[in-house]
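S.K.: Predicted coordinates and the sequence they were generated for:
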Amino acid sequence: MSDPLSAELRERAAGVRLAVFDVDGVLTDGRLWYSEDRRELKAFHVHDGLGLKRLLANGIEVGVITARMSHLVTERMAELGVAHVYQGQKDKLACLTQLCDALQLSLQQVCYTGDDVPDLRAMLRCGLAIAPANAVPAVADRAHWRTRRGGGEGAVREVCDLLLAARGLADAELAHWL
């Protein structure tokens, strides 16, 4: 990362073992697109996808928790190898707590990235709370860190890069591609 990060942020990020993301507004730009035959359409950024794959390859679990149901989310997460996909979740904290119990992790070992108030209860209990640039003020103001990019525009990749850098893996990750 080119900009200086606080020691507290680096410490929080280095302790992350599970990165959880909301979908609409985080993995997408938050807009809902429907075709004339009422099929839902979503756009996911390829940079975000590679970031998620690199987290998984480096031993950081990845999950998504969303209040909506979408076969497109199921397909995209399967394509990326993300096993922890929870849709239709009205209580995101309860879902996250169950996931942590299953993985034998504490909430302090979780990075949660969310953009709107339904994410707050989960975000505020995690070791690292992140908001994309397009997050509503109530969320952005309570996050430990904010991305420069908005949801669906590479914000998730920034989170992934932060987590890898905090573990001292950024140079090895780059070398993997050279």
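M.R.: Alright, I've got the coordinates.
S.K.: V85 bridge partners, please.
M.R.: Going by DSSP bridges, V85 is paired in beta bridges with V64.
S.K.: if I've got this straight, A13 is in a strand?
M.R.: No. Looking at A13 with DSSP: H, G, I helix; E, B strand; the rest coil, it is helix, so not inside a strand.
S.K.: so it makes contact with G168?
M.R.: No. The pair A13 / G168 is not scored as a contact, 11.0 Å apart, by Cβ atoms under 8 Å. C-beta: built from backbone N, CA, C; applies to glycine.
S.K.: what's the pLDDT at the residue nearest to L124 when sequence neighbours are not counted?
M.R.: Leaving aside its sequence neighbours, L124 sits nearest to R142 (Cβ to Cβ, 6 or more residues apart in numbering; 6.4 Å). Predicted confidence (pLDDT) for R142: 98.
S.K.: Just give me the residue closest to the centre of this structure.
M.R.: Note on the chain: the residue nearest the mean C-alpha position is F21, at 3.0 Å, using Cα atoms, centre = their mean.
S.K.: pLDDT wise, what is that residue at?
M.R.: Looking at F21, its pLDDT reads 98.
S.K.: Would you confirm that it contacts R157?
M.R.: No. With contact defined as Cβ under 8 Å, F21 does not count as touching R157 (11.3 Å).
S.K.: and G59, what helix or strand is that in?
M.R.: Here G59 is covered by no helix or strand, with elements defined by DSSP states H and E.
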